[in-house]
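> Model the structure of this input:
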Amino acid sequence: MTYKQERITPYNNGEEKSKQVETMFDTIAHSYDLLNHRLSLGIDYLWRNTAIKQLKPFKPLKILDVATGTGDFAIKSAKELSPEKVIGIDISEGMMRIGQEKVKNERLSEIISFEKEDCEHLSYADNTFDAIITAFGIRNFQNLDASLKEMCRVLKKGGHVSILELSQPVSFPMKQLFWIYSHSVLPLYGKLVSKDKNAYRYLTTTIEAFPQGEVMTDIIKKAGFTEATFKRLTFGICTCYFATK
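As a prediction, the model looks like this:
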C-alpha cells in the first residue's frame, strides 16, 4: 500500500524519495540538533525518556536504532538500558558523522557504532536484535510497509520496538495552535537556521500526511508484530508506539 507521506519529497527534483531525504539530512546536519531541541522547546528529551522507559523491564542487550540521525536516541538507550551493543543506522552519513563525535565525547564508542543502511533492505540476519528504537524517522521512509517488515524480521521473537513520531494533535485548541505553529514558526525558523527552505516545509507536510493512532498500530501489526499500542504525548504533538514481535 502507498501512503500519502511516501509521495511527499523535499525537493521534487525527480529523484526517488530516499535519495532526496538523504540529501536533505546531509544538508541540514550542521543545524539539526539545535533546531530539533529549540523547535520542540526541549520536550523531545522527555519524549525519548518515555520511549526508553517502555523497554527497561526487558533489559535488551542488542539494540538497533533506525534512522539514528545524530545519535541522540542511541546515546540515551546506551545510558539508560545498559545494553552490550547499540547500532545506529541511517542513510545520511552527514548526520552520523556528527553522531560519532557525540558518542566519542560521551565515551560510548565501545557500545555504540554507526552503519549506513537502508531500512527497506537491512543487511542483518533474521532475529538479530533484542529491541529496535526509532525517533522521528519512519515518516521519511520511502516504503513504510517494507521498512516495518524488515524491522520485524531482524527483531528476535518476543523482542520489542519503541517508536517516536511527530503527529497532529486531535483536540481543540492544541490542534489549531499546532497548525499555526507548524505553518509559520517552524518552516520560517527552520529555513533561517538550516539555510534549506524546503526541509522544514517538508517536515510539516509529512506530519500532516502520516497515519497516526489506531491507523498506525494496524499498519505495525500488518508488518508482523503481534501487539501494538500507542500513547499521545504533549497533547498529541508526538506519539509513542510500542510493539512486540
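> switch to C-alpha atoms for all contacts and neighbour counts from now on
Will do.
> Please work out the average pLDDT along the strand or helix carrying Met151.
Secondary-structure element containing Met151, defined by DSSP states H and E: helix 144-154. Mean per-residue pLDDT for helix 144-154: 98.
> May I have it exported as CSV, CA atoms only?
Coordinates of the C-alpha atoms in helix 144-154 are reproduced here as CSV (Å, rounded to 0.1, in the frame of the first residue of the first chain):
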residue,chain,number,x,y,z
LEU,A,144,6.7,2.3,5.2
ASP,A,145,5.3,-1.3,4.9
ALA,A,146,8.6,-2.8,3.6
SER,A,147,10.7,-1.0,6.3
LEU,A,148,8.5,-2.1,9.1
LYS,A,149,8.6,-5.7,7.8
GLU,A,150,12.4,-5.5,7.7
MET,A,151,12.4,-4.2,11.3
CYS,A,152,10.2,-7.1,12.4
ARG,A,153,12.4,-9.6,10.5
VAL,A,154,15.7,-8.6,12.3
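> Residues in contact with that helix: which ones?
Residues outside helix 144-154 that contact it (CA atoms under 8 Å, 6 or more residues apart in numbering) are 1, 3, 6, 119-122, 124-129, 132, 138, 141, 219-220, 223-225, 245.
> Also stretch 103-123?
66, 71, 74-75, 78, 83-93, 96, 100, 141, 143, 146-147, 150-151.
> Downstream of the helix or strand of the chain with the lowest mean pLDDT, the next helix or strand is which one?
Of all helical and strand segments in the chain, the minimum by mean pLDDT, DSSP states H and E falls on helix 185-194, at a mean of 77. Downstream of helix 185-194, the first helix or strand assigned by DSSP H and E is helix 199-209.
> Can you give the contact residues for that next one?
Against helix 199-209 from outside (CA under 8 Å, 6+ apart): 4-5, 8-10, 24, 28, 139-140, 166-168, 182-183, 186-187, 190-191.
> Tell me the buried residues within those residues.
Neighbour counting over the contacts of helix 199-209 (16 or more other CA atoms under 10 Å) leaves 5, 8-10, 24, 28, 139-140, 166-168, 182, 186-187, 190-191 as the buried ones.
> Show me these that map onto strands.
Mapping these onto strands (DSSP state E) picks out Leu166.
> And the buried ones among the contacts of helix 199-209, which is the shakiest by pLDDT?
On pLDDT alone, Gly190 ranks lowest of the buried ones among the contacts of helix 199-209, at 73.
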